[in-house]
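Colleague: Kindly generate the corresponding structure for this input.
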Amino acid sequence: MTQNLVMQADELSQYLREVFPESNDYGFNIKAMSDGHITVGMEVQDHHLRPGGSVSGPTMFALADIAAYLIVLAHIGKVALAVTTNLNINFLTKPQPGNLVAEASLMKLGKRLAVCAIEIRSSVDNALVAHATATYSIPPRP
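Modeller: Now for the predicted structure:
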């Protein structure tokens with residue numbers, strides 16, 4: 001699916017810090033963007049680990065959600081009230097402690113809904129650790 005980007009990585013990162021300042025606590029960073037695709041890295045810290053030393057499920061869920069939010073905004077612009085209506089995640093492998101990388105792709109971008117697929121990999125061994133699908137509701141434009 002080809003969609004044109006309306007925001008670039010630096011503008012998108014700045015906007016995320018403005019509308020979702022808590023995201024700074026997660027260490028998200030946009031690594032690459034192209035039409036219909038985004039790669040978002042996450043600097044995993046000690047508080048992201050669960051007992052036993054693996055990266056926690058809520059941490060991976062947050063990465064999937066932010067990757068979906070960013071790919072949607074990259075294609076529709078500054079629409080802060082675009083919200084998650086559904087996010088389904090499958091945890092596939094226990095991730096080793098280390099940074100994560102999410103690759104999100106737009107499956108559908110309509111006037112009111114956007115659907116994304118997200119793969120999360122460990123930067124330690126490139127293992128696919130989770131797969132998610134997300135649906136975002138896009139508010140009506142004035």
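Colleague: Isn't residue 75 up against residue 106?
Modeller: Yes. With contacts defined as Cβ atoms under 8 Å, residue 75 counts as touching residue 106 at a distance of 6.6 Å. All C-beta atoms are positioned from the backbone trio N, CA, C, and that covers glycine.
Colleague: Do a quick rundown of the helices in the protein.
Modeller: For the chain, helices defined by DSSP state H occupy the ranges 9-19, 57-76.
Colleague: Would you mind finding the most buried of those?
Modeller: When you average the neighbours per residue for each of these (mean count of other Cβ atoms under 10 Å), helix 57-76 leads with a mean of 23.
Colleague: now for that helix, which elements pack on it?
Modeller: Helix 57-76 is packed against helix 9-19, strand 28-34, strand 37-42, strand 83-91, strand 100-109, strand 113-122, strand 128-137, with contacts defined by 3 or more Cβ pairs under 8 Å, 6 or more residues apart in numbering; DSSP states H and E.
Colleague: Now it - C-alpha only, PDB.
Modeller: C-alpha atoms of helix 57-76 as PDB (Å, rounded to 0.1, in the frame of the first residue of the first chain):
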ATOM      1  CA  GLY A  57       5.100  -7.400  27.800                       C
ATOM      2  CA  PRO A  58       3.800  -4.000  28.700                       C
ATOM      3  CA  THR A  59       7.000  -2.500  27.300                       C
ATOM      4  CA  MET A  60       6.600  -4.300  24.000                       C
ATOM      5  CA  PHE A  61       2.900  -3.300  23.900                       C
ATOM      6  CA  ALA A  62       3.900   0.300  24.400                       C
ATOM      7  CA  LEU A  63       6.400   0.100  21.500                       C
ATOM      8  CA  ALA A  64       3.800  -1.500  19.200                       C
ATOM      9  CA  ASP A  65       1.300   1.200  20.100                       C
ATOM     10  CA  ILE A  66       3.700   4.100  19.600                       C
ATOM     11  CA  ALA A  67       5.000   2.700  16.300                       C
ATOM     12  CA  ALA A  68       1.400   2.500  15.000                       C
ATOM     13  CA  TYR A  69       0.600   6.000  16.300                       C
ATOM     14  CA  LEU A  70       3.700   7.400  14.500                       C
ATOM     15  CA  ILE A  71       3.000   5.700  11.200                       C
ATOM     16  CA  VAL A  72      -0.500   7.000  11.200                       C
ATOM     17  CA  LEU A  73       0.500  10.600  12.100                       C
ATOM     18  CA  ALA A  74       3.300  10.500   9.500                       C
ATOM     19  CA  HIS A  75       0.600  10.000   6.900                       C
ATOM     20  CA  ILE A  76      -2.300  12.100   8.200                       C
END
